[in-house]
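Engineer: Turn this into a structure:
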Amino acid sequence: MSDPVLRLQNIHKSFGDAHVLRGIDLSVNAHEVVALIGASGSGKSTLLRTINLLERIDDGQIWLRDMDVSDPAVKPDAVRARIGVVFQHYNLFPHMSVLDNVTLASRHVLRIERSVAEARGLELLDRIGLADQARAFPDRLSGGQQQRAAIVRAIATNPELLLLDEITSALDPELVTEVLDLVRELAVEGTTIVMATHEMAFARDVADTVVFLDRGVVAEQGTPAQVFGSPREARTREFLGRFLA
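Structural biologist: Prediction:
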């Protein structure tokens, strides 16, 4: 097995008196899909934000392949150029076309020529059925279309790691499937993904590893069959009982 793409060691993060992450250890291998599950406030989103250096950790280490990205001397933008991230809300720039949104990082961070970046962007948009909306502004798209465009933006730079933070939570139920279908395709193609999700059936079907966070600690971790089929911890069984009854 190759060296992990991502390695977290004893991650701690507090906001004032709130100790949100309390000693998280996690390793993610290439082409692996890791689903973070847990109640709201369990630390899922904060953990993803620390990986992308949007929040600086208080203790521990974060390794992206062979680089300790938690070292204060490391430039965050250099790390973020290697990681794709999609949040709950689409965060597309409203004053830019869909294509300009998708190609922004390629053009301005990776310094790829506009023609090359746009060819890649159009190819990806065509793949998800949005090529005809490439010159439209985001407010002309449905929520599901905007979120799929946000995912395309995140993968347009061929990131080493893709972080997905509750990407369906802001969508109407009828739009959830089209977004999850795209993530399923990316997983099948071998994209390395860490995703926080409340979509338990999706985590069970798509993830290689499921991590149950409870009050800032890893309460249980294993394959979907183990975590969903025969959870070891009473707290895991209680949590899953709300979704899988």
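Engineer: give the contact list for D3.
Structural biologist: D3 makes contacts with R65, D66, as judged by Cβ atoms under 8 Å, 6 or more residues apart in numbering. The way it works is simple: take the backbone N, C-alpha and C, and place the C-beta from them, glycine included.
Engineer: so how far is E199 from it?
Structural biologist: 30 Å (Cβ to Cβ, to the nearest Å).
Engineer: The chain: strands as residue ranges?
Structural biologist: With strands called from DSSP state E, the chain shows them at 6-15, 18-28, 33-37, 59-64, 67-68, 83-86, 161-165, 193-196, 209-214, 217-222.
Engineer: Adjacent strands (with direction) for the fourth one?
Structural biologist: The partner list of strand 59-64 in its sheet, established with DSSP bridges, is strand 6-15 (antiparallel), strand 67-68 (antiparallel).
Engineer: and the angle for the longest one with strand 18-28?
Structural biologist: In terms of direction (axes from the mean of the first three to the mean of the last three Cα atoms, to 10 degrees), strand 6-15 departs from strand 18-28 by 180 degrees.
Engineer: ok, and what's touching strand 6-15?
Structural biologist: Here strand 6-15 makes contact (Cβ under 8 Å, 6+ apart) with 19-28, 43, 46-47, 50-51, 55, 57-64, 161, 192, 194.
Engineer: G144 is nearest to which of the strands of the chain?
Structural biologist: Nearest to G144, of all those, is strand 83-86, at 13.0 Å by Cβ to Cβ.
Engineer: What mean pLDDT does the closest one get?
Structural biologist: Mean pLDDT, strand 83-86: 93.
Engineer: Now do it: which elements does it pack against?
Structural biologist: Here strand 83-86 touches helix 143-155, strand 161-165, going by 3 or more Cβ pairs under 8 Å, 6 or more residues apart in numbering; DSSP states H and E.
Engineer: Could you export the ones you listed to TSV, including columns for mean pLDDT and distance to R107?
Structural biologist: Listed next are the helices and strands packed on strand 83-86 as TSV, based on pLDDT from 0 to 100; distance: least, Cβ to Cβ, whole Å:
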stretch	mean pLDDT	distance to R107
helix 143-155	90	12
strand 161-165	95	20
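Engineer: right, so of those, which gets closest to V85?
Structural biologist: Between those, strand 161-165 lies closest to V85; by Cβ to Cβ that is 4.4 Å.
Engineer: List the pairing partners of the closest one within its sheet, with orientation.
Structural biologist: Here, using DSSP bridges, strand 161-165 pairs with strand 83-86 (parallel), strand 193-196 (parallel).
Engineer: Could you identify the longest helix within this structure?
Structural biologist: Of all segments of type helix in the chain, defined using DSSP state H, the longest is helix 173-188.
Engineer: quick one: average pLDDT of it?
Structural biologist: So the average pLDDT for helix 173-188 ends up being 88.
Engineer: Check what contacts that helix and list those residues.
Structural biologist: 33, 128, 142-144, 147-148, 151, 155, 162, 164, 167-168, 171, 193, 195, 199, 202, 205-206.
Engineer: for stretch 45-53, same thing?
Structural biologist: The contact list for stretch 45-53 (Cβ under 8 Å, 6+ apart) reads 6, 8, 11, 13, 20-21, 24, 36, 55-57, 62, 69, 76, 79-80, 83, 85, 161, 163, 165-166, 194, 196, 213.
Engineer: circling back: which among the strands of the chain is found nearest to E118?
Structural biologist: Judged by Cβ to Cβ, the one of these that comes nearest to E118 is strand 83-86, at 18.4 Å.
Engineer: Need the CA coordinates for the closest one. CSV is fine.
Structural biologist: Extracted in CSV, the C-alpha atoms of strand 83-86 (Å, rounded to 0.1, in the frame of the first residue of the first chain):
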residue,chain,number,x,y,z
ILE,A,83,-6.7,20.2,-2.2
GLY,A,84,-10.1,20.6,-3.7
VAL,A,85,-12.9,21.6,-1.3
VAL,A,86,-16.7,22.0,-1.6
